[in-house]
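Asks: Whatever this is, show me its structure:
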Amino acid sequence: MAIDVAALRAHFPSLAQGFAFFDGPGGTQTPAPVAEAIVRTMTGPLSNRGTVSASERNAERAVAAFRAAYADLLGVPANGIVHGRSATQLTYDFSRHLAKDWRAGDEIVLSRLDHDANVRPWIQAARRAGVVVRWIEIDDATTELDLDSYERALSPRTRLVAVTAASNVLGTLPPVRRIADRAHEVGALVHVDGVHYAAHHLVDVPALGADLFVCSPYKFLGPHCGVLAGSPDLLETLAPDKLLPSTDTVPERFEFGTLPYEILAGATAAVDFLAAMDPGDALDPDDEGKGAVRDAAEPGASRRQRLRRSLRSLHAHENALRARMEEGLRALGDAVTVHCKAADRTPTVLMTLEGRDAREAQAHLAARAVVAPAGSFYAHEVFAALKLPDPSLRVGLAPYNDAEDVDRLLDGLSTFVPTAV
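Replies: Residues are numbered from 1 along each chain as shown. Just a heads-up that it's a prediction; the model follows:
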């Protein structure tokens, strides 16, 4: 199983401009099939959903295809897939939906490892409801979650635990299933931010133990939108504020206004692109019997099985590049400090450069057509807890990165850090 990176890169028009992109954690480049799916849908014909005209049926098909694709990607039923403008918007929405049942004296547990999109919505909802906020702290020696602090935070009054599946700045992969199991033991729901995780791993929401899981297709080659996955049975218990004539059917009751059918089509195309990255034809027995939708274009292999194969190959590809990058960073000596220490993490590296400002490094690299952003990347709690320098430089790998990209990054840094002067 392997990815032909040169063939894959040919699908990305933006790469023809000569840039090496390491800003994938903030949003990946877009392959042509995704953009083409958006154009085809917009130029239709297209109308609001219905069954009478071809244009209405096109809209219906776009919605159904989107739900089926993300059911396959995330391992949940199609009626457990909710579209949103962004993962942040979805988390805000569901914080309000869930908080309707919270009472003063209830508690929620948040993580210092998280992007602020999985922190601030819950804090603000808790404040309105009179709910106590408790924290899972970070072990600064390992940049992993301190699970002893989690045990201290849990109580019979805990209503919700919100945790990331992967840190967007450190790459740390917490033991989500272990965290979820303990939350369920005290009767709490578990909301997982999978925005960074879903870009690098095949998601299995039930296996993670997540009651609600959010991700962002634009972090894995799709258009700008958000997706929430949840158990349809849980979604049935939630009553959002909505317009009277709008449907009360799950999951549509959570999607306000007319859906952006063209964005749904692009998001679906992104899942299909991911599934085709490794064109091998071996069936994966791990997915037999899981109800994944089978694809007529590849008899005998479901889309879920092809996603599993492709993402395993992607994991190997990205880990090889990460090893090459980290070896090169170590060669720069004390001039570079890498702040990622977790044993299990994504191919994302946060670093600072001795005596130099990270924004200057960003500009230096950009002048050499290497895109690596500087900042704190909405990881407010992480930066505060670990006292990380703000800004820091973040380098993240994506499917289209290759060894030449990594070498260009390292060459650019070698001409910037003090030891190379």
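
Asks: what's near enough to touch Ala71?
Replies: By CB atoms under 8 Å, 6 or more residues apart in numbering, the residues touching Ala71 are 77-78, 80-81, 293. Quick note: C-beta positions are derived from backbone N, CA and C, even for glycine.

Asks: Please confirm that it is located within a helix.
Replies: Yes: assigned with DSSP: H, G, I helix; E, B strand; the rest coil, Ala71 falls within a helix.

Asks: So it versus Gly209, what's the distance?
Replies: For Ala71, the distance to Gly209 equals 18 Å [CB to CB, to the nearest Å].

Asks: quick revisit: give the PyMOL command for selecting the buried subset of the contacts of Ala71.
Replies: Entered in PyMOL, the line below selects the buried ones among those, by 16 or more other CB atoms under 10 Å:
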select buried, resi 78+80+81
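
Asks: Filter the contacts of Ala71 down to the ones in helices?
Replies: Among the contacts of Ala71, no residue falls in helices (DSSP state H).

Asks: Any chance of CSV for the contacts of Ala71, columns distance to Arg128?
Replies: Listed next are these as CSV, based on distance: CB to CB, whole Å:
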residue, distance to Arg128
Pro77, 32
Ala78, 33
Gly80, 27
Ile81, 28
Val293, 40
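
Asks: can you put the contacts of Ala71 in a markdown table and add distance to Pro279 and pLDDT?
Replies: As requested, the contacts of Ala71 are exported to a markdown table (distance: CB to CB, whole Å; pLDDT from 0 to 100):
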| residue | distance to Pro279 | pLDDT |
| --- | --- | --- |
| Pro77 | 28 | 98 |
| Ala78 | 26 | 98 |
| Gly80 | 29 | 98 |
| Ile81 | 26 | 98 |
| Val293 | 19 | 40 |
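
Asks: what about stretch 201-218, start to end distance?
Replies: This stretch, stretch 201-218, spans 15 Å end to end (CA to CA, to the nearest Å).

Asks: Find the nearest non-adjacent residue to Glu354, please.
Replies: Spatial nearest neighbour of Glu354, excluding adjacent residues (CB to CB, 6 or more residues apart in numbering): Ala335 at 4.7 Å.

Asks: and the contacts of Ala71, which two are the farthest apart?
Replies: Pairwise distances among the contacts of Ala71 were taken by CB to CB; the largest, 14.1 Å, belongs to Gly80 and Val293.

Asks: what ranges of the stretch 151-300 of the chain fall below the confidence cut-off?
Replies: Within the stretch 151-300 of the chain, the stretches with pLDDT under 70 are 281-300.

Asks: Ser246: neighbouring residues, count only.
Replies: Neighbour count for Ser246, taken as other CB atoms under 10 Å: 13.

Asks: picking up where we left off before, just confirm the residue nearest to Glu354 contacts Ala361, I think it does.
Replies: No: in this structure, Ala335 is not within contact of Ala361 by CB atoms under 8 Å, at 11.0 Å.

Asks: How about the secondary structure of Val271?
Replies: Three-state assignment for Val271 (three-state DSSP): helix.

Asks: Spit out the contact partners of it.
Replies: 69-70, 72-73, 222, 303, 307 are the contacts of Val271 under CB under 8 Å, 6+ apart.

Asks: distance of Val203 from Gly375?
Replies: 26 Å.

Asks: Give me the more crowded residue out of the two.
Replies: Counted by other CB under 10 Å, Val203 and Gly375 do not tie: Val203 has more neighbours, with 22 against 17.

Asks: right, and the more buried one touches Val76 too?
Replies: No: applying CB under 8 Å, one finds Val203 not in contact with Val76, separated by 9.1 Å.

Asks: any residues in contact with both of the two?
Replies: With CB under 8 Å, 6+ apart as the test, Val203 and Val76 both reach Ala229.

Asks: and the contacts of Ala71, which of them are in strands?
Replies: Counting by DSSP state E, those place Ile81 in strands.

Asks: from the contacts of Ala71, which is closest to Glu137?
Replies: Gly80 (31.9 Å).

Asks: Contacts only, for that closest one.
Replies: So, once contact is read as CB under 8 Å, 6+ apart, Gly80 ends up touching 71, 229-232, 235, 251.

Asks: Could you dump the residues you listed into TSV and include distance to Leu259 and secondary structure?
Replies: Converted to TSV, the contacts of Gly80 look like this (distance: CB to CB, whole Å; DSSP: H, G, I helix; E, B strand; the rest coil):
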residue	distance to Leu259	secondary structure
Ala71	16	helix
Ala229	17	strand
Gly230	18	strand
Ser231	22	coil
Pro232	18	helix
Leu235	17	helix
Pro251	11	coil
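
Asks: which two from the residues you listed end up farthest apart in space?
Replies: Ala71 and Leu235 (13.5 Å).

Asks: which residues does the spatially most central residue of the chain contact?
Replies: What sits nearest the mean C-alpha location of the chain, by CA atoms, centre = their mean, is Val195, with 1.8 Å. The contact partners of Val195, taken as CB under 8 Å, 6+ apart, are 87, 115, 117, 168, 214-216, 219.

Asks: now with 10 Å?
Replies: Residues in contact with Val195 (CB atoms under 10 Å, 6 or more residues apart in numbering) are 25, 86-88, 91, 115, 117-118, 164-166, 168, 213-220, 226-227.

Asks: for Ala37, same thing?
Replies: So Ala37 contacts 62, 65, 222-223, 262-270, 272-273 (CB under 10 Å, 6+ apart).

Asks: can you tell me the helix or strand for Thr337?
Replies: In the assignment (DSSP states H and E), Thr337 maps to strand 336-338.

Asks: ok, and for that strand, which residues are buried?
Replies: Judged by neighbour count (16+ other CB under 10 Å), strand 336-338 contains these buried residues: Val336.

Asks: For that strand, what does the pLDDT average out to?
Replies: On average, the pLDDT along strand 336-338 is 97.

Asks: That one - contacts with which helices or strands?
Replies: With contacts taken as 3 or more CB pairs under 10 Å, 6 or more residues apart in numbering; DSSP states H and E, strand 336-338 sits against helix 303-331, strand 348-353, strand 392-396.

Asks: Quick one: work out the angle between the shortest one and helix 303-331.
Replies: Computed with axes from the mean of the first three to the mean of the last three CA atoms, to 10 degrees, the direction of strand 392-396 lies at 140 degrees from that of helix 303-331.

Asks: Which SSE is immediately downstream of strand 392-396?
Replies: Taking DSSP H and E, what comes next after strand 392-396 is helix 403-414.
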